[in-house]
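Peer 1: quick one: sequence plus predicted model below, questions after.
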Amino acid sequence: MAEGREHREYRMEELAREAGITVRTLRFYRERGLIQPPRREGRIAWYDDHHLARLRTITGLLDRGHTLNGIADLAATFDSGRDVAEVLGLGEPTEETPVRLTPEKLADYFADEATAENLSAALDLGYLATDGDEIVHISRRLLEVSAELVREGVPLSAVLSSGRLVREHADALAAHFVRVLRTHAADTDPDQLRTLAHAVVDAELSMALDRQLRDDDAPRPAPDLRGQDT
DNA sequence: ATTCTTACA
DNA sequence: TGTAAGGA
């Protein structure tokens, strides 16, 4: 019979055996903060599937050449990350599809750019969230684009900074569209607003890119993007 | 006697 | 990271 993913608990020796490490190594990892403290019942330490998944992740990253200290940084980053339910809320009406990733897959996307600092920034931006020992990226599109930019040589830190900037402007634009709708057409279906706003921004961005790419030898200040309301 | 920690190699 | 010694 195959072992279903149960919620059983393990004592040190059993957990270590399942994870393919020694008990000494297990304690070593715990001292370095690579795994969270076990549930303590008097003298004995109880570990669960959560810890087991983490241990397998650690050995996987170790095999990929990551250093223990590096993994410790990643672990700290993930443990400090908010939970997915918190970020995704109760089914927000976004068109973006989340992507579930293992830490290894994330390393595949960004290679050595997947530093603790960058991951921390991505968590802060809300791009990434932790769900158990897995990671969730809130938008497959943003994930793919980010990976592509990194492949093109853009540092991930710069990609994330750009994301933060775009986020601010997008927030301003969205706030403006909503304000206009509520002021002049309060009865309009919000879904129509999405479509119209998308079209406006897409067209304007397209033309803006044309302008920026064309006269790059004619120095010209960037157009100001500020919501000047009452 | 068992389970885990401390300390040392 | 292994192991011996010791607390609970």
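Peer 2: Now that the structure is in, tell me what you want to look at.

Peer 1: for the rest of this, base every contact and every neighbour count on C-alpha atoms.
Peer 2: Noted.

Peer 1: quick one: buried residues of the top helix by length along chain A?
Peer 2: In chain A, taking DSSP state H as the definition, the longest helix is helix A:156-184. By 16 or more other CA atoms under 10 Å, the buried positions in helix A:156-184 come out as A:156-157, A:159-161, A:163-164, A:173-174, A:176-178, A:181.

Peer 1: repeat for stretch A:187-195
Peer 2: Buried residues in stretch A:187-195, counted by 16+ other CA under 10 Å: residue A:193.

Peer 1: alpha carbons only: can I get that stretch in CSV?
Peer 2: The C-alpha trace of stretch A:187-195 is given here as CSV (Å, rounded to 0.1, in the frame of the first residue of the first chain):
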residue,chain,number,x,y,z
ASP,A,187,-23.8,52.3,-12.7
THR,A,188,-21.3,50.9,-15.2
ASP,A,189,-20.2,47.3,-14.8
PRO,A,190,-16.8,47.2,-13.2
ASP,A,191,-15.8,44.4,-15.6
GLN,A,192,-16.2,46.9,-18.5
LEU,A,193,-13.9,49.3,-16.6
ARG,A,194,-11.3,46.6,-16.6
THR,A,195,-11.5,46.1,-20.4
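
Peer 1: average pLDDT for that stretch?
Peer 2: Mean pLDDT, stretch A:187-195: 85.

Peer 1: ok, the residue of chain A found nearest DNA strand C to residue A:178 distance?
Peer 2: DNA strand C sits closest to residue A:25 of chain A, with a gap of 4.3 Å, by CA to the nearest atom of the strand. Going from residue A:25 to residue A:178 by CA to CA, to the nearest Å gives 56 Å.

Peer 1: before we move on, what about residue A:156?
Peer 2: Distance, residue A:156 to residue A:178, using CA to CA: 32 Å.

Peer 1: repeat for residue A:74
Peer 2: To residue A:178, residue A:74 is 39 Å away according to CA to CA.
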